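Student: everything below, folded, please.
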Amino acid sequence: MSKSKSKSKIRVVPAAGAVLYRVEDGVPVCAIVHRSRYDDWSLPKGKVDSGESLPTTAIREILEETGFESVLESLIGTTAYPLKESTRKEVTYWSARSLGGRFAPNSEVDELRWLPVEEAKALVSYALDRKILTRFASTPPVETVVLLVRHAKAGDRSEWSGDDALRPLEKSGRAQAEMLAPMLRAFGVSRLYSAPRVRCEQTLGPLADELGIDISIEPALSDEAYLESPADAVQRLLEIAAAGGGVAAISSQGTAIPGMLDDLAAAAGIDIGDTSTKKAGAWGLGFSGTTLLYADYYRSPLPLH
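Tutor: Model prediction:
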């Protein structure tokens, strides 16, 4: 038997957490929790429940362990460690801005402390948590967050005889749109914008219904408009980002999204890698003014299991 066949398959247990922070006297302080079962200090985190994506897990676990509502910002990274033979736990972490709340001891956590990063690093029990805190500290402060979403799966263009702008989502695309809603809520989305395509509007439709808000139609953000005037498309995205009133989600298409991302990254002098985007894929964009700080790619909103 070959070595590859003799090796047992590693089972991965996915989990999610965050550096939950708030700003006190101009300094970010982080929530560190004490778990009585393990007698350790760590970042809030937990395993993915059935039907969840990683971002929704992170927000749920933060609330359950700390009592604080929050919104995700930048993706910090993933740590991994063995649980037992042939099983590995992988924890994906974000920075998460606290929206307020109140800690009460619970079945998992009996104490919470808000500490500056260096004090938090000294308190946590694990080197992997210190690594995540170090990465958090090295991330520039973000002023604005935007979620840039490619529309979900639509019917085949070759089988659609009408105006392509009216081509709707197919059944699997509608399922993707439903699962996008909780994922986008994890980032605090409260404003919705769409290129003038039915499939783009339908992609944000479930979240619009949940929030009870309208979707603003943006002619400058379609594929055709981007190809005609890339600068106008990027400028309109930046105007939406800077408009205030909460985090925006923008649904657009498979040519405009990579184009705008490449343009923003070039202007900021950063490398964000391959910007091709799958149907229902989303990018979390962080800005300081009009400068792109990071672009995190979320390949799919569908549950992990």
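Student: when you work out contacts or count neighbours from here on, use the C-alpha atoms and nothing else.
Tutor: OK.
Student: in which helix or strand does the nearest residue to A96 once chain neighbours are set aside reside?
Tutor: When the adjacent residues along the chain are set aside, A96 lies closest to L72, with 4.3 Å between them (C-alpha to C-alpha, 6 or more residues apart in numbering). Element membership of L72 [criterion: DSSP states H and E] is strand 68-84.
Student: so what strands line up beside the helix or strand that that strand is followed by?
Tutor: Using DSSP H and E, the helix or strand that follows strand 68-84 in sequence is strand 87-101. Paired strands of strand 87-101, with direction, are strand 11-24 (parallel), strand 68-84 (antiparallel) (DSSP bridges).
Student: so which of those comes closest to Y38?
Tutor: Using C-alpha to C-alpha as the measure, strand 68-84 is the one of the strands paired with strand 87-101 that comes nearest Y38, at 14.0 Å.
Student: elements contacting the helix or strand hosting R60?
Tutor: For R60, the host element (DSSP H and E) is helix 54-66. Applying 3 or more C-alpha pairs under 8 Å, 6 or more residues apart in numbering; DSSP states H and E, one finds that helix 54-66 contacts strand 11-24, strand 45-47, strand 68-84, strand 87-101, strand 109-116, helix 171-185.
Student: quick one on the thing from earlier: can I get the strands paired with strand 87-101 in a markdown table with mean pLDDT?
Tutor: Converted to a markdown table, these look like this (pLDDT from 0 to 100):
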| stretch | mean pLDDT |
| --- | --- |
| strand 11-24 | 96 |
| strand 68-84 | 94 |
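Student: which of these sits most buried?
Tutor: strand 11-24 (a mean of 21; mean count of other C-alpha atoms under 10 Å).
Student: how does this protein divide into domains?
Tutor: 8-138, 144-298 (automatic domain parsing).
Student: give me the distance from the shortest one to the chain's centre.
Tutor: Average the C-alpha atoms of domain 8-138, do the same for its chain, and the two points are 15 Å apart (C-alpha atoms, centre = their mean, to the nearest Å).
Student: can you name the helix or strand that the residue lying closest to S216 once chain neighbours are set aside falls in?
Tutor: Counting by C-alpha to C-alpha, 6+ apart, Y193 is the residue found nearest to S216 once chain neighbours are left out, at 4.6 Å. Per DSSP H and E: Y193 is located in strand 189-194.
Student: give me the contacts around that strand.
Tutor: In this structure, residues lying in contact with strand 189-194 by C-alpha atoms under 8 Å, 6 or more residues apart in numbering are 147, 200-201, 204, 208, 211, 213-218, 221, 245-252.
Student: now list the buried members of those residues.
Tutor: Neighbour-count burial (16 or more other C-alpha atoms under 10 Å) applied to the contacts of strand 189-194 gives 147, 200-201, 204, 208, 215, 217-218, 221, 247-252.
Student: dump the helices and strands packed on helix 54-66 to a markdown table, plus distance to A127.
Tutor: Shown next, in a markdown table, are the helices and strands packed on helix 54-66 (distance: least, C-alpha to C-alpha, whole Å):
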| stretch | distance to A127 |
| --- | --- |
| strand 11-24 | 15 |
| strand 45-47 | 15 |
| strand 68-84 | 10 |
| strand 87-101 | 14 |
| strand 109-116 | 17 |
| helix 171-185 | 29 |
